[in-house]
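Visitor: need the 3D shape of this:
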Amino acid sequence: MEKRPRGRPAFKPTPHQRATVAIAAGGGMPLNEIAMGLGITRETLHKHFEVELSTGAHAKRLEVIRAMHAAAKRGNVAAAKAYLLLEPASAAPPLPMPTLEPKPEKEEPVGKKQQANLDAVDAAKDTGWEGILQ
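Guide: You can find the predicted model right below:
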């Protein structure tokens, strides 16, 4: 006579459950509610559905966005409006609008010798020597 193991058998997720978790997580359903819907604990959900909760959820969202975009291109106005309401998170920021005013010209940098000559012209100013030195 063979002995049966004690306690409840180990949980084994089905492909249908995996797809359900990915869809629910992609739709923004809280983890507690997903676990309750499957009749498991949150810990079991994390243990057996880690991939579906992370990359699977994003994959399902991407599928919906692709379908929405395709419907919008076919002329579905509701899909176009919904697609345009999505906030692009990874898109590059918009370029600044060009101004019509010309940019001010940059002054030529002054070299060391030229700056020393410019400083020497009024070096005696406010020293009491300006009347003596011409």
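Visitor: for Leu62, helix, strand, or coil?
Guide: helix (DSSP: H, G, I helix; E, B strand; the rest coil).
Visitor: distance of it relative to Asn76?
Guide: 19 Å (CB to CB, to the nearest Å). Glycine gets a C-beta too; all of them are placed from N, C-alpha and C.
Visitor: can you pick out the residue with more neighbours from these two?
Guide: Asn76 (14 against 11; other CB atoms under 10 Å).
Visitor: would you list the phi and psi of the more buried one?
Guide: Torsion angles at Asn76 (phi, psi; degrees, to the nearest 10) stand at phi -70, psi 110.
Visitor: what's around Ser54, how many residues?
Guide: So Ser54, with other CB under 10 Å, has 12 neighbours.
Visitor: can you pull out the low-pLDDT segments for the chain?
Guide: In the predicted model of the chain, residues 1, 90-92, 129-134 satisfy pLDDT under 70.
Visitor: which residue ranges of it form helices?
Guide: Assigned by DSSP state H, the helices in the chain fall at 15-26, 31-38, 42-48, 50-51, 57-73, 77-85, 112-121.
Visitor: and the ones you listed, which is most packed in?
Guide: helix 15-26 (a mean of 17; mean count of other CB atoms under 10 Å).
Visitor: what's the angle from it to helix 31-38?
Guide: 150 degrees (axes from the mean of the first three to the mean of the last three CA atoms, to 10 degrees).
Visitor: quick check: angle from helix 15-26 to helix 57-73?
Guide: Using the same axes, to 10 degrees: helix 15-26 against helix 57-73 is 70 degrees.
Visitor: touching helix 15-26 from outside, list them.
Guide: Helix 15-26 is contacted from outside by 31, 33-34, 37-38, 45, 49, 52-53, 56-61, 64, using CB atoms under 8 Å, 6 or more residues apart in numbering.
Visitor: before we move on, back to that, of all the helices of the chain, which lies closest to Thr99?
Guide: Nearest of those to Thr99, taken as CB to CB: helix 77-85 at 28.4 Å.
Visitor: having no further points to raise, I will conclude here.
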